[in-house]
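Student: can't give you the sequence, but here's the structure:
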């Protein structure tokens, strides 16, 4: 399974930085028993690996060689590849730069590298055989892509950064077979590559009879692309670490582990 990580953006909302925003240190991790800073994009890479990805493609701009230097040829059990987007031309353009690598019958996951979300293994809830979106509840859907579902959990519309968003559920990642990714690319080309946002292209795909599923498996979501989001992510990870400590103690005592504490939901909605 492939994972595509569009990482060619300018990151203007959180500049100035002396490095690519995808390498912004957020929290820490243990490396052979030594604690070290963790780049924000590592959270997505790990979640993709949990979701079954064994090959990951970073789509980078020509000036983001620091991402290549940071990740090299592999991360954990996954091989890493790189594709260049010559200039920032929107999410659709970035995603489709990777399509030559994706076989028709192999699944692919797409996520955003400047986000932190829980639960870590939520991508395992997405099916293999159709376009599906991993959804998260937020209080400010107007700044994201809100997803409207019917009773069968089929996607009816993606409301791209709309002030009148009618759904509190936004997509944080999505998955599909390679042949659907290619079908979406062909649709994008037929629309003169005018779709900058993936949501508008999906709406056109649905209008032509395509189908997509929404999976409400997400619990908390933070966009780290702003200073406020950065602070929220630090709090989210701190509470997650505390939750893991408490859960370990509960399990040791024979108590049920339970779900993530309410505080983690709240942080994703500030």
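Tutor: Now that the structure is in, tell me what you want to look at. Just so it is clear, the structure is predicted and the values come from calculations on it, not from any experiment.

Student: bridged to residue 173, which residues?
Tutor: residue 111, residue 134 (DSSP bridges).

Student: same check, this time on residue 84
Tutor: On DSSP bridges, the residues paired with residue 84 through beta bridges are residue 60.

Student: I'd say it and residue 57 touch.
Tutor: No. The pair residue 84 and residue 57 does not pass the contact test of C-beta atoms under 8 Å, sitting 11.1 Å apart. The C-beta positions use only the backbone N, C-alpha and C, and glycine is treated the same way.

Student: more crowded one of the two?
Tutor: residue 57 (26 against 12; other C-beta atoms under 10 Å).

Student: Three-state assignment for the more buried one, please.
Tutor: Following DSSP: H, G, I helix; E, B strand; the rest coil, the label given to residue 57 is strand.

Student: residues in contact with it?
Tutor: Contact analysis of residue 57 by C-beta atoms under 8 Å, 6 or more residues apart in numbering lists 2-5, 80-83, 98, 101.

Student: tell me the mean pLDDT for stretch 27-44?
Tutor: Mean pLDDT, stretch 27-44: 88.

Student: residues of it that come out buried?
Tutor: The neighbour-count check on stretch 27-44 (16 or more other C-beta atoms under 10 Å) flags 27, 38-44 as buried.

Student: which ones among the residues you listed map onto strands?
Tutor: 27, 38-39 (DSSP state E).

Student: and which of these is nearest to residue 140?
Tutor: residue 27 (22.8 Å; C-beta to C-beta).

Student: what's the separation between the closest one and residue 223?
Tutor: In this view, residue 27 and residue 223 are 15 Å apart by C-beta to C-beta, to the nearest Å.

Student: which ones are touching the residue nearest the centre of the chain?
Tutor: Most central in the chain under C-alpha atoms, centre = their mean is residue 111, positioned 2.6 Å from the mean C-alpha point. Residue 111 sits next to 3, 5, 44, 47-48, 172-173 when contact means C-beta under 8 Å, 6+ apart.

Student: mind running it again at 7 Å?
Tutor: 5, 44, 48, 173 (C-beta atoms under 7 Å, 6 or more residues apart in numbering).

Student: follow-up on the earlier one: mind checking which of the contacts of residue 57 are in strands?
Tutor: Among these, DSSP E puts 2-5, 80-83 in strands.

Student: of those residues, buried ones?
Tutor: For the ones in strands among the contacts of residue 57, a burial check counting by 16+ other C-beta under 10 Å picks out 2-5, 80, 82-83.

Student: out of those residues, which comes closest to residue 139?
Tutor: residue 5 (26.6 Å).

Student: surely the closest one meets residue 53?
Tutor: No. Residue 5 is beyond contact range of residue 53, at 10.0 Å (criterion: C-beta atoms under 7 Å).

Student: chain center to stretch 72-89, what's the gap?
Tutor: In terms of C-alpha atoms, centre = their mean, to the nearest Å, the centre of stretch 72-89 is found 15 Å from the chain centre.

Student: ends of that stretch, how far apart?
Tutor: Stretch 72-89 has an end-to-end distance of 25 Å (C-alpha to C-alpha, to the nearest Å).

Student: only the buried residues of it, if you could.
Tutor: 75, 78, 80, 82-83, 85.

Student: what does stretch 86-106 give?
Tutor: For stretch 86-106, a neighbour-count test (16+ other C-beta under 10 Å) marks 90-99, 102 as buried.
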